[in-house]
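# Based on what follows, work out the 3D shape:
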Amino acid sequence: MARRFSLLVGHLCSVAFIVSLLAAAYFFVDIESFAEIARRNLALSVQWMTVDFWQWYGLWVLTLLHIGLGLAGLFYLRRAFLQFAQGEFFTRRNSQDLRMFAVLLFLQALAKPLHHAFASVLLSWNHPPGQRMLAISLGSFELKVLVLAMILWVISDMLVRGRELEQENRQFV
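Sure, this is the predicted structure:
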């Protein structure tokens, strides 16, 4: 059962990666759809009618960089779970893959407030002087993801260190 579930998670990571890349390409071509989603989801008091196309494409790049950290994390998570599906549970490689996933998840959680801050500056760039904004947002969700990432990081470091100790013990026997 664990192997099947691991295989399913590995394939779901692949699907999420591909769907995210296709969505990014779609929104690059149809920037108006991306702008509409941004207007609805960003809690910013921006004068939306003053936002130019270059700002929407700038926001698209910022968003792609932010999401790219998560996609890179999915790559490493996928590799680890496909190894689990093959019965490789405590190898150095899958422990390192889990650590990379945790590190990238941590970086993505740290980048979320930066993404929001840069987005607010970028989208209010055309406002008159004195009305431009810098909005910083840090919520409980980001804090939960940071804590989860730190826990995964520590566990993956323990797995890597445990594997090194196991190999060291084998040399003595």
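# residue boundaries of the strands in the chain?
With DSSP state E as the criterion, the chain has no strands.
# need the helix or strand of it with the lowest average pLDDT.
The weakest-scoring helix or strand in the chain, judged by mean pLDDT, DSSP states H and E, is helix 140-172 (a mean of 84).
# Same question for that helix: list its buried residues.
Buried residues in helix 140-172, defined by neighbour count with 16 or more other Cβ atoms under 10 Å: 142, 145, 146, 149, 152, 153, 156, 159, 160, 163. For glycine as for every other residue, the C-beta is placed from the backbone atoms N, C-alpha and C.
# Identify the farthest-apart pair in these.
Using Cβ to Cβ, the buried residues of helix 140-172 span at most 31.4 Å, a distance reached by 142 and 163.
# Distance check, the residue nearest in space to the middle of the chain against residue 119.
Residue closest to the average C-alpha location in the chain (Cα atoms, centre = their mean): residue 70, at 2.0 Å. To residue 119, residue 70 is 17 Å away according to Cβ to Cβ, to the nearest Å.
# Residue 154 too?
Residue 154 is 32 Å from residue 119, by Cβ to Cβ.
# show me where this protein has helices.
Using DSSP state H, the helices of the chain run over 2-29, 31-41, 53-85, 92-123, 140-172.
# Hey, what's the angle from the fourth one to helix 31-41? Just curious.
It refers to helix 92-123. 90 degrees (axes from the mean of the first three to the mean of the last three Cα atoms, to 10 degrees).
# Need phi/psi at residue 45.
The phi and psi values for residue 45, taken as degrees, to the nearest 10, are phi -90, psi 70.
# That one: neighbouring residues, count only.
For residue 45, the tally of surrounding residues (other Cβ atoms under 10 Å) stands at 10.
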